[in-house]
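Trainee: below are the sequence and a predicted model for it; my questions follow.
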Amino acid sequence: MTKEQLFGSGLHKDGRADHDGLKMVLHRHIIDAIEESGKNLLEDSRHALSQFVTDRVAEYVSRLHLAISRYEMERLAEEIVDELTGFGPLEVLLRDSAVTEILVNGPHHVFVERDGLLSHSDLRFIDDHHVERVMQRILAPLGRRLDESSPMVDARLPDGSRVNAIIPPIALDGPCLSIRKFRKDMLKSSDLVAMQTIDQSIYEFFQESVGKRCNILISGGTGTGKTTLLNILSQLINPHERLVTIEDVAELQLGHPHVVRLETRPPNSEGHGEVKSSDLIRNALRMRPDRIILGEIRGVEVLDVLTAMNTGHDGSMSIVHANTAQDALLRLETLVGLIGRTVAEKTLRQMICAALDVIIQLTRMSDGRRCVSEVLEVVGVRDDVYVTNTLFRLDKRTGFGFVREALNPASDKLRRDPILNANG
């Protein structure tokens, strides 16, 4: 076997070792060596693990006659020890700005998302216990528990990245970890136009909708860019307005100077101290908000947010999981039903229509591109049926470009929109 076969991308054509590629290969080599040794070195002192790693790195470099200095070899060994005792193989992925999502399905299957597409990584953990140790290292500073009595947890890293962890017996094939990384560089509206997520006409409509204080609901499946769009819409809000955000796990990056951020809290080990979204919505109403932004509508808070939108807090925004804009309306109805509140269907639909002005539907294409698939205006209820007006939709024949369905909006709030009337 040649050096290149052993190292893959870890070796330059002239025989010099590429630092990151070599470290990745050495990481796998060290894990194999730990498994073969039969010793639980990760539970030993750092000094013992460091000595083991240094010896194995030196042996590997010597055997392949690599052109690498002693200093570089010691640095590689130290970095590998940091990864084994820190966040393990996730360290390199967390530092990689091109990686947007990390998915761990047990110790031997790590997937990463780049440019909207998932791929299998060569990195792996030693065993289930190694994965769980990394999970505990991630969660311990955040004050979140993960054990048999609480086998699922949502958390937020200090940099804003969102973490979900779940362990056996709930996860049948080993501990699973999902990390959605926090973007350090906020996207702008011009980026969405450049990426063909929206076009200029849709962006101008968003400007007018936010300026006219429309209540906006962003709908879409998992990973379609709902939070990203909500961040961008917030940049269009008048800087003199006061915003209150409510989230289960804070991940919004609102580009706005006056924001009060609230985050729910799970119950403690004794089942006390829980703070729900509905509690925070009611409290937010006492905080003189100009707009309330709810990270996601998913449960009992649905009636509270609809009430807030109906009682003088125009311009509020939220997110819901649904496959189409019409389904988003039905999803709100379903959530009301699930909380056990009895509301007549006609009354509920009138309440939803009075609360919402615009629904923006997002989708993710097969090539990983995220884009707006539909912009829907909520007009009212007629004969107990929702009356809506589709303003824009994705051209489904090509998957690129957008079709202007209605030349003019139907509601009073949007009919005064000068840009739409001019373009129409």
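Mentor: That came in fine, so what should we check first? Numbers count the residues shown, from 1 in each chain.
Trainee: and Asn164, backbone torsions?
Mentor: For Asn164, the backbone dihedrals (degrees, to the nearest 10) come out as phi -130, psi 130.
Trainee: in the longest strand seen in the chain, which of the residues would be classed as buried?
Mentor: Longest strand in the chain, counting residues (DSSP state E): strand 370-382. Residues of strand 370-382 classed as buried: 370-379, 381 (neighbour count, 16 or more other CB atoms under 10 Å). Just so you know, the C-beta spots here come from the backbone N, C-alpha and C atoms, and that holds for glycine as well.
Trainee: please report phi then psi for the residue most central in space within the chain.
Mentor: Nearest to the mean C-alpha position of the chain, by CA atoms, centre = their mean, lies Arg180 at 4.6 Å. Dihedral angles of Arg180 (phi, psi; degrees, to the nearest 10) stand at phi -100, psi 110.
Trainee: enumerate every residue touching it.
Mentor: Residues near Arg180 by CB atoms under 8 Å, 6 or more residues apart in numbering: 100-101, 161-162, 251.
Trainee: circling back: what's the longest strand of the chain packed up against?
Mentor: Strand 370-382 sits against helix 200-211, helix 325-338, helix 345-355, strand 358-364, strand 385-394, with contacts defined as 3 or more CB pairs under 8 Å, 6 or more residues apart in numbering; DSSP states H and E.
Trainee: how far out from the middle of the chain is it?
Mentor: Centroid displacement of strand 370-382 relative to its chain, using CA atoms, centre = their mean, to the nearest Å, is 23 Å.
Trainee: pLDDT on it, on average?
Mentor: Model confidence over strand 370-382, given as mean pLDDT, is 93.
Trainee: can you list the strands that that strand pairs with?
Mentor: Partners of strand 370-382 in the sheet, by DSSP bridges, are strand 358-364 (antiparallel), strand 385-394 (antiparallel).
Trainee: re the thing from before, which strand residues bridge the residue nearest to the centre of the chain?
Mentor: Arg180 has these beta-bridge partners by DSSP bridges: Glu101, Arg162.
Trainee: now do the helices in the stretch 1-150 of the chain.
Mentor: Read by DSSP state H, counting those that start in this stretch, the stretch 1-150 of the chain holds these helices, from start to end of the chain: 3-7, 19-37, 46-64, 70-85, 90-95, 128-139.
Trainee: can you list those in JSON lines and add distance to Leu236 and mean neighbour count?
Mentor: Shown next, in JSON lines, are the helices of the stretch 1-150 of the chain (distance: least, CB to CB, whole Å; neighbours: other CB atoms under 10 Å):
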{"stretch": "helix 3-7", "distance to Leu236": "50", "mean neighbour count": "13"}
{"stretch": "helix 19-37", "distance to Leu236": "40", "mean neighbour count": "17"}
{"stretch": "helix 46-64", "distance to Leu236": "50", "mean neighbour count": "16"}
{"stretch": "helix 70-85", "distance to Leu236": "42", "mean neighbour count": "17"}
{"stretch": "helix 90-95", "distance to Leu236": "31", "mean neighbour count": "18"}
{"stretch": "helix 128-139", "distance to Leu236": "35", "mean neighbour count": "19"}
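Trainee: can you check which of the ones you listed gets nearest to Ser121?
Mentor: Ranking those by proximity to Ser121 (CB to CB) places helix 90-95 first, at 7.2 Å.
Trainee: and the closest one, what does it pack onto?
Mentor: By 3+ CB pairs under 8 Å, 6+ apart, helix 90-95 packs against helix 19-37, helix 70-85, strand 99-105.
Trainee: please save the CA atoms from that helix in PDB.
Mentor: The C-alpha coordinates for helix 90-95 follow below in PDB (Å, rounded to 0.1, in the frame of the first residue of the first chain):
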ATOM      1  CA  LEU A  90     -16.600  17.100  16.400                       C
ATOM      2  CA  GLU A  91     -13.800  19.600  17.100                       C
ATOM      3  CA  VAL A  92     -12.600  19.800  13.500                       C
ATOM      4  CA  LEU A  93     -16.200  19.900  12.200                       C
ATOM      5  CA  LEU A  94     -17.200  22.700  14.700                       C
ATOM      6  CA  ARG A  95     -14.200  24.800  13.400                       C
END
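Trainee: could you tell me the least trusted of the helices of the stretch 1-150 of the chain?
Mentor: Ranked by mean pLDDT, the helices of the stretch 1-150 of the chain bottom out at helix 3-7, with a mean of 36.
Trainee: sorry, back to before: okay if I get the helices and strands packed on strand 370-382 as a markdown table plus mean pLDDT and mean neighbour count?
Mentor: A markdown table is the format used below for the helices and strands packed on strand 370-382 (pLDDT from 0 to 100; neighbours: other CB atoms under 10 Å):
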| stretch | mean pLDDT | mean neighbour count |
| --- | --- | --- |
| helix 200-211 | 93 | 19 |
| helix 325-338 | 91 | 18 |
| helix 345-355 | 90 | 17 |
| strand 358-364 | 95 | 24 |
| strand 385-394 | 92 | 17 |
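Trainee: can I get those in a markdown table with distance to Leu90?
Mentor: Converted to a markdown table, those look like this (distance: least, CB to CB, whole Å):
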| stretch | distance to Leu90 |
| --- | --- |
| helix 200-211 | 36 |
| helix 325-338 | 34 |
| helix 345-355 | 41 |
| strand 358-364 | 24 |
| strand 385-394 | 35 |
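Trainee: for Asp32, find the nearest of those.
Mentor: strand 358-364 (36.8 Å).
Trainee: returning to that earlier point: quick one: closest of the helices and strands packed on helix 90-95 to Pro141.
Mentor: Closest approach to Pro141 among these (CB to CB): helix 70-85, 14.9 Å.
Trainee: chain center to the closest one, what's the gap?
Mentor: Per CA atoms, centre = their mean, the displacement of helix 70-85 from the mean C-alpha position of its chain is 31 Å.
Trainee: for that helix, packing partners?
Mentor: Judged by 3+ CB pairs under 8 Å, 6+ apart, helix 70-85 is in contact with helix 19-37, helix 46-64, helix 90-95.
Trainee: contacting residues around the closest residue to Val375 other than its chain neighbours?
Mentor: Spatial nearest neighbour of Val375, chain neighbours left out: Phe392 (4.2 Å); criterion: CB to CB, 6 or more residues apart in numbering. By CB under 8 Å, 6+ apart, Phe392 lies in contact with 201-202, 205, 372, 374-375, 402-405.
Trainee: now do 7 Å
Mentor: Going by CB atoms under 7 Å, 6 or more residues apart in numbering, Phe392 touches 202, 375, 402, 404-405.
Trainee: nearest spatial neighbour of Val305, chain-adjacent residues omitted?
Mentor: Of all residues not flanking Val305 in the chain, Leu294 sits nearest, at 5.2 Å (CB to CB, 6+ apart).
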